[in-house]
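1. attaching a predicted model along with its sequence, questions to come.
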Amino acid sequence: MKVLQLKVKPNARTSALKALDDGTWLAHVAAPPADGLANEALIRLIAAHFNVRRAQVRIKSGGSSRHKRIEIDD
């Protein structure tokens, strides 16, 4: 199991995932932070980046925050 510390920036022009020097990740998602759209877009982005199914990606903490902990099942 892999655990990621993320900072999410919703309403971005494009979706992108970038590893930072301190071991955390920065995620830009194009979806707005309403009705869980940004969280769903984040899960799709992470699943595509790590080449796993969406069901293997979970938001462990920070569901309504910009700072999140994500778990990825291998």
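-> Yes, it's here. Keep in mind that this is a model prediction, so the values were computed, not measured.

2. next, name the residue at the spatial heart of the protein.
-> residue 42 (3.8 Å; C-alpha atoms, centre = their mean).

3. gap between that one and residue 70?
-> Residue 42 is 8 Å from residue 70, where distance means C-beta to C-beta, to the nearest Å. Bear in mind the C-beta positions are built from the backbone N, C-alpha and C, glycine included.

4. repeat that for residue 37.
-> Separation of residue 37 from residue 70 (C-beta to C-beta): 17 Å.

5. so which of those two has more stuff around it?
-> Using other C-beta atoms under 10 Å, the more surrounded residue of residue 37 and residue 70 is residue 70, with 22 against 14.

6. what average pLDDT does the helix or strand where the more buried one lies get?
-> Taking DSSP states H and E as the criterion, residue 70 maps to strand 67-72. Taken as a whole, strand 67-72 has a mean pLDDT of 96.

7. so for residue 45, what's the nearest residue that isn't a sequence neighbour?
-> Among residues not flanking residue 45 along the chain, residue 15 sits closest, at 5.2 Å (C-beta to C-beta, 6 or more residues apart in numbering).

8. return the per-residue confidence for the one you found.
-> pLDDT for residue 15: 94.

9. now swap in the one 4 residues further on and tell me
-> Residue 19 carries a pLDDT score of 95 in this model.

10. now do the same contact list for it.
-> Residue 19 makes contact with residue 25 under the criterion C-beta atoms under 8 Å, 6 or more residues apart in numbering.

11. in the sheet, who's paired with it?
-> residue 25 (DSSP bridges).

12. same question for stretch 36-48, mean pLDDT?
-> 96.

13. ditto for stretch 1-12
-> 95.

14. so which bits of it are buried?
-> For stretch 1-12, burial by neighbour count (16 or more other C-beta atoms under 10 Å) applies to 4, 6, 8, 10.

15. other residues contacting it?
-> Contacts to stretch 1-12, defined as C-beta under 8 Å, 6+ apart, come from residues 23-33, 38, 42, 46, 50, 60, 66-74.

16. now do the helices in the chain.
-> Applying DSSP state H to the chain gives helices spanning 37-50.

17. wait, residue 41 touches residue 16, no?
-> No - with contact defined as C-beta atoms under 8 Å, residue 41 does not reach residue 16; the gap is 11.4 Å.
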